[in-house]
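Engineer: Provided below are the primary sequence and the corresponding predicted coordinates.
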Amino acid sequence: MSFPKDFKWGASSSSAQFEGAFDVDGKGPTTWDYEKKRLNSGCCSFKYASDFYHHYKEDIALMAEMGFQIFRMSISWARILPDGEGEVNEKGIAFYKDVFRECHKHGIEPLVTIYHFDLPAALAEKYNGWSSRRTADAYVEYCRILFENFKEDVHYWLTNNEYNVMIYYGAVDMLTGKANDLNELYNTGHTQLVAMAKAISLCHEMCPDAKIGPAPNLCACYPASSNAKDVLAAMNMEDLRNNMWVDPLVFGEYPKSIQTYFHWNHIVLDIQEGDMDALKNCHPDFIGFNCYGTETIEHCDYYEIDWDSIVHGDNRDMSYLVKLTEKPGVGKAVNNPYLETGIDGHTFDPYCIRITARKLSDRYHLPLIITENGYGRKDTLEEDGTIHDAYRIEHLKGMISEMKNGIEEGALMFGYCPWSAVDLVSTREGISKRYGFIYVDRDEDDEKAKTSPMKRYRKDSFYWYKKVIASNGEDVE
Ligand code: BG6
């Protein structure tokens, strides 16, 4: 047995990191348009990104040349609703209609994320984002507009991208530092889960032929040793970083260990009337998950932590949150001595999809699709227009080979969309850190990017992935 006959090969992107045209055709500002919130200095903004807005025909044709059957992209909420709610921007609707039409023309199924970090700025200003149920109400209304307008065009929807990462690494939604305490932090997560559950039910009602699922970042957590305390710590970490973000949508409840964790840390979720019913009754059709690696967890003793740096930090380290659980199994993330480290310090764990997908299949019995996976590196555009990215090929080869083994062992995978189809702007490291199969000729200089033709080039990995797809994953050499 190997990859299923109808396995879907493609790749991913997100509106803020890819589209550019940040103020074109009526798009409203998003939290990502505030450059002051960027993490690394010297990086470009998201204003022009890879200008997919004006290159979509060329990009989709290149994806088709690689043989894509699916393309994961996201809709910019503020392009549809410039203020996050209220008046609809028809030009935004028209743009995505064109993109979907172009995909279908080439036999590519769009896999559409409803919300990938770029919150309309108006919702951040008025409601402090997901801290308020008003944002959740606006989101459900936004979903209604999408389902109404795109029910003929989109057959695969994803709700929110990495809503778990938004809680643990606050900087990604550029709203970091606004939660006042852990209560508020976890309540923004609960609010998103309930909003997503309502979106899933609404999709089933309005688009009966479509399928919809969430897109968290999930990864297997290895115990640092066979010491039972490390094993427990790793289990708890999986509950905290993975299961508590999927169980409510599939089973209608938080894992028991998380309820205990909340109790120990005096975290009280604001569970309103109807929340748990919305969660219980939504029934996602599949689980999309971003998976770049694994975590290795070691037991550590409880100690006092600096609350302020955790709650207000740009990069909330999950291990600190786990330290607060005290019993049973307190843990922190440590290096895994068995993993290979690349020249840039990146660790490779080709088993990450295989092991994570098997665990998810056992727990949820739902179809799974990789919505992100990959290797961000600086690439060099040679004078003859070639890009020799053997490192990326090597990395993806390992992932795909082990994913195949996972499928043979029962992982319920139906598709693979690594990050990213075309180069786009990294959340922290600008355009220099590249992930694509297709190179975009631009650098960190926004002024230059504004008028640059952003010419596209095929990387070595482009030709390699084309072969992988043509052989349905059999030929990865
Ligand atoms: C995922 C996000 O966490 O990781 C993407 O969903 C992001 O938006 C990707 O780009 C890679 O991370 P980075 O920081 O290199 O952009």
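Structural biologist: Everything's here; your move. Numbering: from 1, shown residues only.
Engineer: Just the local confidence number for residue 266, please.
Structural biologist: You'll see residue 266 listed with a pLDDT of 80.
Engineer: Provide the secondary structure category for it.
Structural biologist: coil (DSSP: H, G, I helix; E, B strand; the rest coil).
Engineer: Pull the number of nearby residues for it.
Structural biologist: Residues contacting residue 266 under the criterion other Cβ atoms under 10 Å number 9. For every residue, glycine as well, the C-beta is placed using N, CA and C.
Engineer: next one: residue 87
Structural biologist: 10.
Engineer: So, low pLDDT: which residues of this structure?
Structural biologist: By pLDDT under 70, the low-scoring segments of the chain are 1, 35-40, 169-180, 301-330.
Engineer: Kindly report the residues of it close to the ligand.
Structural biologist: By Cβ under 6 Å from any ligand atom, the residues of the chain that approach the ligand are 14, 17, 161-162, 165, 217, 290, 372, 376, 419, 426-429, 433.
Engineer: Do a quick rundown of the helices in the stretch 201-350 of the chain.
Structural biologist: Per DSSP state H, counting those that start in this stretch, the stretch 201-350 of the chain carries helices over the ranges 228-241, 247-251, 256-264, 275-280, 307-312, 318-323.
Engineer: Then the stretch 351-477 of the chain?
Structural biologist: Listed in chain order, the helices of the stretch 351-477 of the chain (DSSP H, counting those that start in this stretch) span residues 352-364, 390-408, 446-451, 460-470.
Engineer: Turn the ones you listed into CSV, columns for mean neighbour count.
Structural biologist: Shown next, in CSV, are the helices of the stretch 351-477 of the chain (neighbours: other Cβ atoms under 10 Å):
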stretch, mean neighbour count
helix 352-364, 21
helix 390-408, 19
helix 446-451, 13
helix 460-470, 19
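Engineer: Ok, which of those comes nearest residue 54?
Structural biologist: The minimum distance between residue 54 and the helices of the stretch 351-477 of the chain falls on helix 446-451, with 11.9 Å, by Cβ to Cβ.
Engineer: tell me how far stretch 201-219 is from the chain's mean position?
Structural biologist: Distance, stretch centre to chain centre, for stretch 201-219: 15 Å (Cα atoms, centre = their mean, to the nearest Å).
Engineer: swap in stretch 228-242?
Structural biologist: On Cα atoms, centre = their mean, the centre of stretch 228-242 falls 22 Å from that of its chain.
Engineer: Alpha carbons only: can I get that stretch in PDB?
Structural biologist: The C-alpha coordinates for stretch 228-242 follow below in PDB (Å, rounded to 0.1, in the frame of the first residue of the first chain):
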ATOM      1  CA  ALA A 228       7.900   8.200  33.800                       C
ATOM      2  CA  LYS A 229       8.000  11.800  34.800                       C
ATOM      3  CA  ASP A 230       9.300  12.800  31.400                       C
ATOM      4  CA  VAL A 231       6.600  10.600  29.800                       C
ATOM      5  CA  LEU A 232       3.900  12.300  31.800                       C
ATOM      6  CA  ALA A 233       5.300  15.700  31.000                       C
ATOM      7  CA  ALA A 234       5.300  14.900  27.300                       C
ATOM      8  CA  MET A 235       1.700  13.700  27.500                       C
ATOM      9  CA  ASN A 236       0.600  16.900  29.300                       C
ATOM     10  CA  MET A 237       2.400  19.000  26.700                       C
ATOM     11  CA  GLU A 238       0.500  17.200  23.900                       C
ATOM     12  CA  ASP A 239      -2.700  17.900  25.700                       C
ATOM     13  CA  LEU A 240      -1.800  21.500  26.200                       C
ATOM     14  CA  ARG A 241      -0.400  22.300  22.700                       C
ATOM     15  CA  ASN A 242      -2.500  19.900  20.600                       C
END
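Engineer: Flag every buried residue along that stretch.
Structural biologist: In terms of neighbour count (16 or more other Cβ atoms under 10 Å), stretch 228-242 has its buried residues at 229-242.
Engineer: Stretch 273-290 too?
Structural biologist: Buried residues in stretch 273-290, counted by 16+ other Cβ under 10 Å: 275, 276, 278, 279, 282, 284, 286, 287, 288, 289, 290.
Engineer: re earlier: can you put the helices of the stretch 351-477 of the chain in JSON lines and add distance to residue 88?
Structural biologist: JSON lines is the format used below for the helices of the stretch 351-477 of the chain (distance: least, Cβ to Cβ, whole Å):
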{"stretch": "helix 352-364", "distance to residue 88": "35"}
{"stretch": "helix 390-408", "distance to residue 88": "39"}
{"stretch": "helix 446-451", "distance to residue 88": "28"}
{"stretch": "helix 460-470", "distance to residue 88": "37"}
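Engineer: How about the contacts made by residue 352?
Structural biologist: 219, 220, 291, 292, 293, 294, 373, 399, 402 (Cβ atoms under 8 Å, 6 or more residues apart in numbering).
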